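1. Next come a sequence and a model predicted from it.
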Amino acid sequence: MDYSGKRVTIIGSGATAVTLVPEMSTKAAHVTMLQRSPTYMAAVPAKDKTVKLLNKYLPEKLAYRVLRTQKVGIQMAFYNVSRAFPKQI
């Protein structure tokens, strides 16, 4: 399907929609995601620069552990802030 330069609406906010929207936005003139209930997402780079840095100085298993701890910590912090301040999130 050629949608280059067209205005596109994606209905839903499931996993498929979340992966389609960024990809479609590279070709379409405008992409809108239409959803029934709010979904919280954040744009993150496709490649984490920290991975390259840690792999340069640490053994692979230790680098993985550090990165995993960082990612889990960020998720926990977001969850806790969301619970503490639901109207602000």
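-> Received it, and whenever you're ready, just let me know what you need. Numbering: from 1, shown residues only.
2. who touches the worst-scoring helix or strand of the chain on mean pLDDT?
-> Using mean pLDDT, DSSP states H and E, the weakest-scoring helix or strand in the chain turns out to be helix 15-24, at a mean of 89. Helix 15-24 is contacted by residues 3, 8, 10, 11, 31, 33, 35, 39, 41 when judged by CB atoms under 8 Å, 6 or more residues apart in numbering. From N, CA and C alone the C-beta is placed, and that goes for glycine too.
3. Break the protein down into its domains, please.
-> 1-41, 44-89 (automatic domain parsing).
4. Show me how far stretch 18-32 is from its chain's centre.
-> Averaging C-alpha positions (CA atoms, centre = their mean, to the nearest Å) puts stretch 18-32 14 Å from its chain's average.
5. Which helix runs longest in this protein?
-> helix 60-84 (DSSP state H).
6. residues in contact with it?
-> 40, 48, 50, 51, 54, 55, 58, 89.
7. Which among those count as buried?
-> residue 54 (16 or more other CB atoms under 10 Å).
8. number of nearby residues for residue 59?
-> Residue crowding around residue 59 was assessed by other CB atoms under 10 Å; the count is 10.
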